Structure formats: C-alpha cells, structure tokens
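J.: Generate a structure from the sequence data that follows.
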Amino acid sequence: MRLVRPVLVATLVALLAACASRQKARTDPDGVSAADKHYDVAVASFHNGMFEDAKLQLEKALAADPKHADSYYLRGILLLQEGKTLLTAIDGEQCLEDAAADQQRERAQALHRLAGKAFESAILHYEDGAAGRGRAYNSLAVVSLHFHENERAVEQAKKALEQKFYADRYSALSNLGWAFYQEGDLVSATSELRQAVLLNPDYCVGRYRLAQVYLEVGAHEAAIEQARVVAEDPRCPIQDAHRILGAARLRSGQDGDANAAFSSCVALAPKSCLAAECSRMLGDEGARPPDRPPAAPGEPTPDEVARTEN
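T.: Just a heads-up that it's a prediction; the model follows:
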C-alpha cells in the first residue's frame, strides 16, 4: 500500500501574489510590455481556475519575450499543481493501486520534472538577488524533495536564502530543514524548522514538519504541541498532522486522546491511504506507530508554496 501524506491544497494563492510583482521588461507605448500583458492575463486566469487559458497566455508571453522569467515561474507552478492534483486524487482522496493509477503516477512524475525545468529557466532569467529568483530556487527545492534528491534540495534552498530581496525565508528554511530530515540529519532539521516557525508562527507546513522531527527524536510532548496547533487550525487541513498527534499521544500514554486524533485523521479523507494507516492504529491499541511515516510526508503542494510567498 502506498501512503502519501499530501499537505492538502492550502497555498497556491501566495505564489501568485508573489508573481504579481513582476520583473521589469521592455515596455510598449502604454508602458507595459506585450509579455507582461499576457502574463497578467495568465495570473488572472490562474486565480479564476482557468488553467488552460493561463497556459495559453504564458505561451504568448514567452513568444513575445523568451526571457520573461515570471512566465517561466508561473508555468512551473501550473505544472506542479497539475502533478500534485493527480497524486492527491490517487493517494489522498482514494488509495488506488491499479495499473491506471500507476500510469497516473508516471504522469505526475513527468509533470514534476517539467515544473523543475520551468523553474530552472526562471532562475536563468531573473536578476541575481531578485525576489523572484529566490522563489524559483525555493520551488525547485520542492521538486527535488518530491524526488528525494535531498542534497540538491539543500543546495537549492540555500540558494533561495542567498537572494538579497527574497523575503519569505521561512519557506526556504522549512524546505532546507525537511531535506535534512530526509537525509537523517535530525539536528540540522530541528534547527532549520524551528527557525522557520519562529519567523512565521502561522506557517502550517513548518510546524507540521517540526512535529514529525520531534516525534522521531522521541520529544513526544514537543511533537504534541506542534501537531496540535496544526490539527486545530482550520486553515491547515494537513491530514498527517493528526497522525503525528495520535502517535505522540500514544507514546505519552494518552490513549484516549490518541484515538481521537487517529479518528480525526480518518475523518479528514476516509478513503485515503493515510486514513487506512490511522484506522490500523485505531484497531490495534497495542501497535506502536513507526517513527517515520511509511512515505515521506509533508511535501508542499503548489498551493502551499504559493501562500508561503505572501
């Protein structure tokens, strides 16, 4: 059984808020370049859920200016969103294991690779130190984390943090910490994730990831504290936070509260792969939850990456 822990759609809005502050380009007599005009339409289409029109407008923007960095960046976000949506449908809303699901997973993997190439193109055309360059490096780290290319993710997150005008450091710090976690460096993971939460206490993904690290190192009360904040926040529909909360409570001898957390895990997405794991914990009171989830949790969706850029 595949157990993917989708951090559910929560942040695409911020990526686009960031995109709105576009890089300067040659302008038409009205003061706006042709590429910027198409890009602005693409952003509006994106916000209205008209994704195919957004893609078409980006093609026109890049035809007008093949070096239009913002358009490459938004193209990457659209591709990343499409890939995440496929994975959520297969593993997060249901738990499909048939041949058709495998084909969809292959398609999702290909979309992630294409998103990475788009972010690389954006980096190439943004000015050194630009906020957009920082966002592109950070989004590229998300792609690397998806493929468990942790050393690359570390390098990319650090590059994002090096960009002079990149303000949303908590997002890159969270990705940096998660890359360290996936490499098994729990000390560095704790340090970076604590800093991410310190910079933005409302950042759900950072708290959720920090809770997972605390769970693994045996700091159960700290894990409970971080996971509870996420689980109780209606803005943070992260199903796996409920699993962490249940596991930490179970190890602290809080069986009743643990079962409540596992039950809420199931209720959030009853047919998901993760719900099956939480149901198993409910049905086997003597079971000990694994330190690490059966699949790497917590990778931000494009929406998450987006909202973190506010």
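J.: And D255, how close does it get to Q57?
T.: Relative to Q57, D255 is positioned 55 Å away (CB to CB, to the nearest Å). For glycine as for every other residue, the C-beta is placed from the backbone atoms N, C-alpha and C.
J.: Also R105?
T.: R105 is 29 Å from Q57, by CB to CB.
J.: what does V229 give?
T.: 39 Å.
J.: Then N200?
T.: Per CB to CB, N200 is found 31 Å from Q57.
J.: Look at those two and report which has more neighbours.
T.: Q57 (23 against 19; other CB atoms under 10 Å).
J.: Which phi and psi values does that one adopt?
T.: The phi/psi pair for Q57 (degrees, to the nearest 10) reads phi -70, psi -30.
J.: which residues touch it?
T.: Going by CB atoms under 8 Å, 6 or more residues apart in numbering, Q57 touches 38-39, 41-42, 45.
J.: how much space between it and S71?
T.: 9 Å.
J.: any shared contact partners between the two?
T.: Common neighbours of Q57 and S71 (CB under 8 Å, 6+ apart) are 38-39, 42.
J.: what about the longest helix along the chain, average pLDDT?
T.: Determined from DSSP state H, the single longest helix within the chain is helix 99-125. Here helix 99-125 scores 96 as its mean pLDDT.
J.: And it, what's buried?
T.: 101, 104-105, 108, 111-112, 114-116, 118-123, 125 (16 or more other CB atoms under 10 Å).
J.: Same check on stretch 196-207?
T.: By 16+ other CB under 10 Å, the buried positions in stretch 196-207 come out as 196-197, 200, 203-207.
J.: Which other helices and strands does whichever helix or strand I77 is part of contact?
T.: If you go by DSSP states H and E, I77 is part of helix 69-87. Contact partners of helix 69-87 among helices and strands, from 3 or more CB pairs under 8 Å, 6 or more residues apart in numbering; DSSP states H and E: helix 12-19, helix 34-47, helix 51-64, helix 99-125, helix 131-146, helix 302-307.
J.: Dump those to a markdown table, plus distance to Q239.
T.: Below are the helices and strands packed on helix 69-87 laid out as a markdown table (distance: least, CB to CB, whole Å):
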| stretch | distance to Q239 |
| --- | --- |
| helix 12-19 | 18 |
| helix 34-47 | 26 |
| helix 51-64 | 25 |
| helix 99-125 | 19 |
| helix 131-146 | 18 |
| helix 302-307 | 14 |
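J.: what's near enough to touch the residue nearest to L87 when sequence neighbours are not counted?
T.: Closest residue in space to L87, ignoring its immediate chain neighbours: A108 at 5.0 Å, by CB to CB, 6 or more residues apart in numbering. Applying CB under 8 Å, 6+ apart, we find A108 in contact with 83-84, 86-87, 90.
J.: can we see that at 6 Å?
T.: 83, 86-87 (CB atoms under 6 Å, 6 or more residues apart in numbering).
J.: Drop anything exposed from those.
T.: 83, 86-87.
J.: Now render those as CSV, adding distance to G246.
T.: Output for the buried ones among the contacts of A108, formatted as CSV (distance: CB to CB, whole Å):
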residue, distance to G246
G83, 29
L86, 28
L87, 23
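J.: Considering the contacts of Q57, which possesses the most neighbours?
T.: Y39 (30 neighbours).
J.: Leaving out chain neighbours, which residue sits closest to that residue?
T.: A61 (4.7 Å).
J.: Verify the contact between the one you found and H38 for me.
T.: Yes: proximity of A61 to H38 meets the contact threshold set by CB atoms under 6 Å, at 3.7 Å.
J.: Confirm V230 sits in a strand?
T.: No: under DSSP: H, G, I helix; E, B strand; the rest coil, V230 sits outside any strand and is assigned helix.
J.: Report the contact partners of it.
T.: Contacts of V230 by CB under 6 Å, 6+ apart are 204, 207-208, 236, 238, 241.
J.: In helices, which of those residues fall?
T.: 204, 207-208, 241.
J.: Name the residues of stretch 141-153 that are buried.
T.: Quick answer for stretch 141-153 (16+ other CB under 10 Å): 141-146, 149-150, 152-153.
J.: Any chance of those in CSV with pLDDT as columns?
T.: As requested, the buried residues of stretch 141-153 are exported to CSV (pLDDT from 0 to 100):
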residue, pLDDT
A141, 97
V142, 97
V143, 97
S144, 97
L145, 97
H146, 96
E149, 97
N150, 97
R152, 98
A153, 98
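J.: thinking again about what came up before, now do the same contact list for the residue nearest to Y39.
T.: A61 touches 35, 38-39, 68, 71, counting by CB under 6 Å, 6+ apart.
J.: For Y126, see how far away it is.
T.: For A61, the distance to Y126 - CB to CB - is 15 Å.
J.: Same question for A35.
T.: 14 Å.
J.: again, but for A172
T.: 15 Å.
J.: Settle it for me: which of the two has more neighbours?
T.: Neighbours were counted for A172 and for Y126 using other CB under 10 Å; A172 has more, 27 against 23.
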